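Asker: Fold the following and give me the result.
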Amino acid sequence: MSGLPWIVRWLTFVALTVSMVGAYIHFAVRALPVLQSEPPAFLLQPMMAITGVVSLAIFPVLTGLRRRWSRAVALYVGFLLTTVAYGCYLWAVLPDGTPWAILLGLLAGHLYGFPLFLAILVTHLWLARQLLAPNPVRQGAGAP
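Answerer: Numbering: from 1, shown residues only. Okay, here's the model as predicted:
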């Protein structure tokens with residue numbers, strides 16, 4: 001996959017991340033009684049949209065990082081941005097919303113979403129060579 005154009009790798013990264021978030025939320029809503037009464041417009045749709053935007057923004061940063069721990073930190077920062085953005089969304093859509101919704105987004109994101117973050121982290125670290133690596137070095141007559 002590293003031989004693919006940069007834009008294809010970028011969009012693959014975004015699609016993989018958004019689909020993992022969507023699948024996780026879909027199954028979490030079915031499994032957790034506290035989330036079963038929530039409509040898709042409250043959790044699933046905004047989280048997928050926010051994840052897509054954050055993934056689009058973080059991919060160029062990840063491509064410049066070569067160490068696994070630095071990629072892990074960058075992905076965690078993306079996770080934090082996602083939870084803060086969801087908190088802002090809650091603040092905007094809840095009647096009489098307050099800035100405390102941002103803290104709620106952070107806490108709920110870590111409580112319910114941290115296993116998802118770990119799954120995304122492992123998946124992307126495993127696929128890092130295919131998704132993040134620049135075009136492969138061509139071995140040939142003039143190559144060292």
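
Asker: where along the chain do the helices fall?
Answerer: With DSSP state H as the criterion, the chain has helices at 6-31, 44-63, 68-93, 100-126, 128-132.

Asker: closest to Glu38 out of those?
Answerer: The closest of the helices of the chain to Glu38 is helix 6-31. By CB to CB, the value is 6.5 Å. C-beta here means a position set from N, CA and C on the backbone, and glycine is covered the same way.

Asker: Give me the distance between Ala92 and Ala85.
Answerer: 11 Å (CB to CB, to the nearest Å).

Asker: Compare the two (neighbour count), which wins?
Answerer: Ala85 (20 against 10; other CB atoms under 10 Å).

Asker: and the residue lying closest to the more buried one once chain neighbours are set aside, what does it touch?
Answerer: Nearest residue to Ala85 in three dimensions, chain neighbours excluded: Ile50, at 4.7 Å (CB to CB, 6 or more residues apart in numbering). Residues in contact with Ile50 (CB atoms under 8 Å, 6 or more residues apart in numbering) are Thr82, Ala85, Tyr86, Tyr89.
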